[in-house]
Structure formats: C-alpha cells, structure tokens
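1. Sequence first, predicted coordinates after that:
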Amino acid sequence: MSFISIQDVCFSYEEIEEGKHVTNAVDGVSLEVEQGEFVAIIGHNGCGKSTLAKHLNALLLPDSGRVLIDGDDTAVEDNTYAIREKVGLVLQNPDNQLVASIVEEDVAFGPENLGVEPSEIRRRVDAALRAVDMYDYRGHAPYRLSGGQKQRVAIAGILAIQPQCIVLDEPTAMLDPSGRQEVISTLLKLNRTQNITVVLITHFMDEAVLADRVVVMDSGKILTQGTPGDVFSQVELLKKHRLDVPQSAELIHKLRGCGLQIDKIPLTQEDCVALLEEAMR
Amino acid sequence: MVRDVAFGQYFPADSVMHRLDPRAKILLFIGYIVIIFCTFNYVSLAITTVFTALFLILSRISPVFYFKSLKVILVIVIITSLLNLFYGSGEELWQWWIFKITLNGINRAVFVTVRIVCLILASSCLTFTTSPTELTDAIERLMKPLKVIHFPVHEIAMMMSLALRFVPTLLDETDKIMQAQKARGADMESGNLIKRVKAMLPILIPLFVSAFRRAYDVATAMECRCYRGGAGRTRMKQIHMAGRDTAAFAALGLVIGGVIVCNIFLPAAI
C-alpha cells in the first residue's frame, strides 16, 4: 500500500444539478505516491493541480473516488486532523501563511494546535528552523524577511508538525530566482536527509527535473507521468498541450529536427553541454 | 510612510521590564494609569513621575524611541495644556483680550501635561517591552474567567494577534495601491477635505477586497496547521509569575500608598 493513494478522484467547484453540464476541476485522477518519493506535478493554470493538492490534506473532499493517506480515507471526518498531521500543505503566498508576529512563534503555531508539551514544542521549533537554515532569524518579524526566507519559515511551520509528507502548491511562484533556489534546495535536503515525501506542484520545468517522478496534468486529467527523462523527451506531446520543456531539452529537440543525431534528451545545462560536445566530435 | 511611528512597536531586549510577566505588566499598567489621575498635589505628582522614570530606565530602551512616541501626540498635549492654562478659575495674574492666566490655570496645565506624558510613556514602555503575542496571550489569560458567560476569549485574542501580525503587510499593500492609482493619474494631494476623502475611495476598495482574499488564504493556512479553536491548545512560551512580579506589585503598592497619603495630608494644588 503506497503512502498516498488517489483513486479515481473527481471534483467540481460547481453545484451538481440535474441536466446541467459540470466541468470537473479534477476529472478521474488516480495516482500513487510512495513514502520518501519526490514527485513534481506540472501543468498550466487551471489544469487542476492546486485542486488536487487540497485533496491531499482533506481541505477538499472528492465528489467521487477516494483519497487514502497512509490507509486512512480523507472523507472520514474523524481522520481529518490525523491526516493533516501526516500531510502538511505549503501555499503559494508566503505572506498569508505566517500567522504570528515573530518567526519562532509562527513555527510553534502548528504543534501548539496539536497540544504538544511546551518543552517538546521548543525542541521541534528549533529543529525545524535549523532544518530550513532560518535558526538565526528566530526572533525576527516575518514582514522583514525576503520572500524566500518567508517561504522557508512557512516550510518550518509545517515541519514542526512532523509530517511524513509535505505538499507544496507553487511555493516558488511569487519568489525571485534566488528565493526559488533557496526553497528548492531546502526541499531536496529534507527529502534526502529526513526521508520526507515531497509533492511539489510547480510550473517551473527546471524545478520539475529535480524530482524522482514528474506527473503532467491537463484539464483535470493526468496526461503522462514518469521519470523526468521520460517525460521531457516527449517534447511534441508537451508542446501540444502548451507546456514548456526545459530549455536544454528544447534545444536538443530542435537540433534533432535539423537532422542532428542525438538520442538522449538532456535535462540540465551541464548534460546539454556534454551532449553537444560529444555530437560535435 | 507610517512605518516610522514608534508608538505600539516592540523592541526585543533582555531587561527587567521585558522579563516581567505580561499579565503582571497589564495589571500594573492599569493600576498605574488610575493612580496618575489621582494625583492632586505636586508631591504625589513627583512620586508618580519618578516611578515612570524608574521603569523607563529599567526597560533599557533608547530614550530616542520614547521621544518619538511622544512626538506623535505633541499637538494634543500642547492644545490641552493651553486650554487648561487659559481657562483656570480664581484670581488672574495676567490678561489679554479673552485670555487670562490664573495660578489655578498654570497648575492645571502642568498636571495635565505631566499626566498625559506619563500615560504615553507608560503605554509605550508596555508595548516596547512586550511582544504582541505576549500581550494577546496575557489578555487571553486575564479574561479567562469570562468564558463562564460564554464570552469568546480565545477567538478575540486570536483575532487581535492576527490583526497585529498583518498591520505591516497591509501598510505595504496600501503603499502599493496608492502608487498604482497615482500611476493612473489619481490625485490625492489637492482639493478640499471632501475631495481628498473621496480620492481615498479608489485605495480603500482594492485594499478591502485584497484583505478579504488574504483572510481566506490565512484561514486555509491555519487549517493546514491543524488549527481547531482554543480547546486543547498548548503554548510554547509559558508565562509564570516570579519574584520580580511580586516586587513590581509591591513597588506600585508603595506608589499608590504614597499618593494617597499625600492627598490626605497635603493641600490639593488643583
């Protein structure tokens, strides 16, 4: 049994009425995520990826189908808080997620809600802030931090709940490039060193290539999924659905169109340079 | 813009005033305000002023910030002291047109000025040395008995701390909206008062809409972090009454006693 099991989930924001056509925001999605996996979900605006994210911690409940977290059904009301302890959700706007006027008090908000012992909260808060490299800022006011720092504090706030999985809904969309870099490397570190499952929803392809698995969504359905290498070699399919591919993949794809013989698709700049050097010889 | 206002800000430091229990600080503050307005002669006024100076020194915060907080209410202090100066009763010392100065007027003006200044300094000292979270936490605990009559104590404390948290964020947003409206040719600086108030509308409406949107987001984020009201919540920072709190109450007790004794045995100046 996988850690997250999404089974044929449909969800619509519209009222379901008889005889009326309803557009599903999520339309028959099935997906399994294993403990410790780093999964990226990509797709353009309105493809249902954010809606899917809100299903993972019982913020939204499916109209049909089931979402099981560690075997527990999100639709059962008694499970709600147990599920939110296991799956933490980080949202897009870092400003709106920080609820206290001091960084460490904000991080303490989650464990306080769970009724954890004060000394244990202190320990968790310190550990969470160290994990995201924000320990030195523990006494600061959130509004004085940069976007990337705020988002890392938001991640620490979720970490202090000690979840097994973190779901991030476009956490870097409002950040500058250096802030994006900070957040993504923090996520990779948490995934590698603490074996925390990461579900990263993004529309930046260079973030998606870092994942173990990439899931592509379009109009509420899963278009394709696989390792970054597999997914981004399907350049034609992604283009058809108005999705970007990493620049290096696109370059090689275009060169192929001109008759250059390269069979691998590179995902990073370094790979691309290496491939091109090889092809030039 | 409004960022420079020192009044109501918190300055983290390690001083006796910072370490006092926030509940004790609020109770002391209330007691102190009452006693300032019960001073009727110069000796008791001096006692309370010395007491104020004492806790300003104990707070170990630069006097610059206290001056800044006074600057905000300077106009109010001047107007009220002038009113008191010119409208005293009794024998006149000096007169010009409708203005006359009496001994009683001078006394009144001095008392009003000193009292307001002490009041502002004391409340600045309270907010400078107590973090907003500590303040709301203390208010929540002090109002706990009201839960018996189903008064939503936790909810109100939570709303207060959220409001305090979002003040700088919304100020930033106001600045941005103002700039955006100015870029489209909005004129906010000219015209009479009514015109200017009307010119604020294009700022207030987007600000309101965005505040609602934010509130929705904040609620979602709080739910994600397992928030479900006040029941069963613990706090990371525990507050305990300690020896220094007792000492502070004792000091206030001495001041109150001193003021009462002075009021009984010395003639009133106003």
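-> Ah, there it is.

2. Can you tell me the closest non-neighbouring residue to B:L93?
-> B:I101 (5.3 Å; CB to CB, 6 or more residues apart in numbering or on different chains). (Glycine included, C-beta is placed from N, CA and C.)

3. Can I take it that the one you found is in a strand?
-> Yes - counting by DSSP: H, G, I helix; E, B strand; the rest coil, B:I101 is part of a strand.

4. residues contacting it?
-> When the contact criterion is CB atoms under 8 Å, 6 or more residues apart in numbering or on different chains, the partners of B:I101 are B:85-86, B:88, B:92-95.

5. gap between it and B:R108?
-> Separation of B:I101 from B:R108 (CB to CB, to the nearest Å): 11 Å.

6. same question, B:R214
-> Counting by CB to CB - B:R214 and B:R108 are separated by 47 Å.

7. which of those two has more neighbours?
-> Each of B:R214 and B:R108 has its neighbours counted (other CB atoms under 10 Å in any protein chain shown); B:R108 has more, 22 against 17.

8. Now do that one against B:C38, distance only.
-> In terms of CB to CB, B:R108 sits 15 Å off from B:C38.

9. How about A:I83?
-> Taken as CB to CB, the span from A:I83 to B:C38 is 58 Å.

10. Please say which of those two ends up with more neighbours.
-> A:I83 (21 against 13).

11. buried stuff in the helix or strand encompassing that one?
-> In the assignment (DSSP states H and E), A:I83 maps to helix A:80-86. By neighbour count with 16 or more other CB atoms under 10 Å in any protein chain shown, helix A:80-86 contains the buried residues A:80-81, A:83-86.

12. Which of the residues you listed sits closest to B:E223?
-> A:R84 (7.5 Å; CB to CB).

13. Surely that closest one and A:L56 touch.
-> No - the criterion here is CB atoms under 8 Å, and A:R84 misses it with A:L56 at 9.9 Å.

14. For the closest residue to A:M205 other than its chain neighbours, grab phi and psi.
-> Once flanking residues are discounted, A:M205 sits nearest to A:P246: 4.7 Å by CB to CB, 6+ apart. With angles defined as degrees, to the nearest 10, A:P246 sits at phi -60, psi 140.

15. Contact partners for B:N41?
-> Per CB under 8 Å, 6+ apart, neighbours of B:N41: B:262-263, B:266-269.

16. Which members of the residues you listed are classed as buried?
-> B:262-263, B:269.

17. what bits of the chain have low per-residue confidence?
-> Just going to use chain A. A:16-20 (pLDDT under 70).

18. right idea, wrong chain: chain B
-> Judged by pLDDT under 70, the stretches of chain B that qualify are B:1-8.

19. Centroid-nearest residue for it?
-> With distances taken as CA atoms, centre = their mean, the residue of chain B nearest its centroid is B:S123 (4.4 Å).

20. and the spatially closest residue to it that is not a sequence neighbour, what helix or strand is that in?
-> Leaving aside its sequence neighbours, B:S123 sits nearest to B:F29 (CB to CB, 6+ apart; 7.1 Å). Using DSSP H and E, B:F29 falls within helix B:22-36.

21. so how far is that helix off the chain centroid?
-> Relative to its chain's centre, helix B:22-36 lies at 12 Å (CA atoms, centre = their mean, to the nearest Å).

22. Against which helices or strands is that helix packed?
-> helix B:42-58, helix B:103-129, helix B:132-142, helix B:243-265 (3 or more CB pairs under 8 Å, 6 or more residues apart in numbering or on different chains; DSSP states H and E).

23. residue contacts, residue 214?
-> Reading this off chain A. Contacts of A:V214 by CB under 8 Å, 6+ apart are A:39-42, A:208, A:225-228, A:231-232.

24. Can you look at chain B instead?
-> Here B:R214 is in contact with A:95-96, B:166, B:169 (CB under 8 Å, 6+ apart).

25. Report the buried members of these.
-> A:95-96, B:166, B:169.

26. so B:T129 sits right up against B:I61, yeah?
-> Yes - counting by CB under 8 Å, B:I61 is a contact partner of B:T129 at 7.2 Å.

27. any residues in contact with both of the two?
-> With CB under 8 Å, 6+ apart, B:T129 and B:I61 have common neighbours B:11, B:13, B:15.

28. Output the longest helix belonging to chain A.
-> helix A:177-194 (DSSP state H).

29. and the next element down the chain from the helix or strand where A:A128 lies?
-> Using DSSP H and E, A:A128 sits in helix A:118-131. Later in the chain than helix A:118-131, the nearest helix or strand by DSSP H and E is helix A:147-159.

30. Which strands border the helix or strand that that following helix is followed by, and is each parallel or antiparallel?
-> Once the chain leaves helix A:147-159, the next helix or strand it forms, by DSSP H and E, is strand A:165-169. Here strand A:165-169 has these sheet partners by DSSP bridges: strand A:87-90 (parallel), strand A:197-202 (parallel).

31. possible to save those strands as CSV with distance to B:M159?
-> Formatted as CSV, the strands paired with strand A:165-169 follow (distance: least, CB to CB, whole Å):
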stretch, distance to B:M159
strand A:87-90, 23
strand A:197-202, 31
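
32. wait, does the stretch of helix or strand B:T169 belongs to contact chain A?
-> Element membership of B:T169 [criterion: DSSP H and E] is helix B:153-183. Yes - Helix B:153-183 is in contact with chain A by CB under 8 Å from any CB of the partner chain, via B:161-162, B:164-165, B:168-169, B:172.

33. Return the list of helices and strands in contact with that helix.
-> Right, helix B:153-183 is packed against helix B:132-142, helix B:193-224 by 3+ CB pairs under 8 Å, 6+ apart.

34. Compute the inter-axis angle for it and helix B:193-224.
-> 130 degrees (axes from the mean of the first three to the mean of the last three CA atoms, to 10 degrees).

35. What residues of helix B:153-183 count as buried?
-> For helix B:153-183, using 16+ other CB under 10 Å, the buried residues are B:153-154, B:157-158, B:160-162, B:164-166, B:168-169, B:173-174, B:177-178, B:181.

36. can you check stretch A:168-183 too?
-> A:168-172, A:175, A:179-180, A:182-183.

37. now do stretch B:179-199
-> B:181, B:186, B:199.

38. Nearest residue to the second one in space, ignoring adjacent ones along the chain?
-> Right, the one you point to is B:A186. Of all residues not flanking B:A186 in the chain, B:P202 sits nearest, at 5.9 Å (CB to CB, 6+ apart).

39. So the one you found sits against B:Q181, correct?
-> Yes - the pair B:P202 and B:Q181 qualifies as a contact (CB under 8 Å) at a distance of 5.2 Å.

40. Quick check: A:L238 vs chain B, distance?
-> 31 Å (CB to the nearest CB, to the nearest Å).

41. ugh, wrong one, A:I161
-> 7 Å.

42. tally of neighbours for that residue?
-> 24.

43. same question, A:I222
-> 21.

44. That one bridge partners, please.
-> A:M217.

45. Could you report the distance from the spatially closest residue to A:G36 that is not a sequence neighbour to A:L210?
-> The shortest distance from A:G36 to any non-neighbouring residue, by CB to CB, 6+ apart, is to A:N195 (4.6 Å). The spacing between A:N195 and A:L210, counted by CB to CB, is 17 Å.

46. Those two: who's more crowded?
-> More crowded of A:N195 and A:L210, by other CB under 10 Å: A:L210, with 19 against 11.
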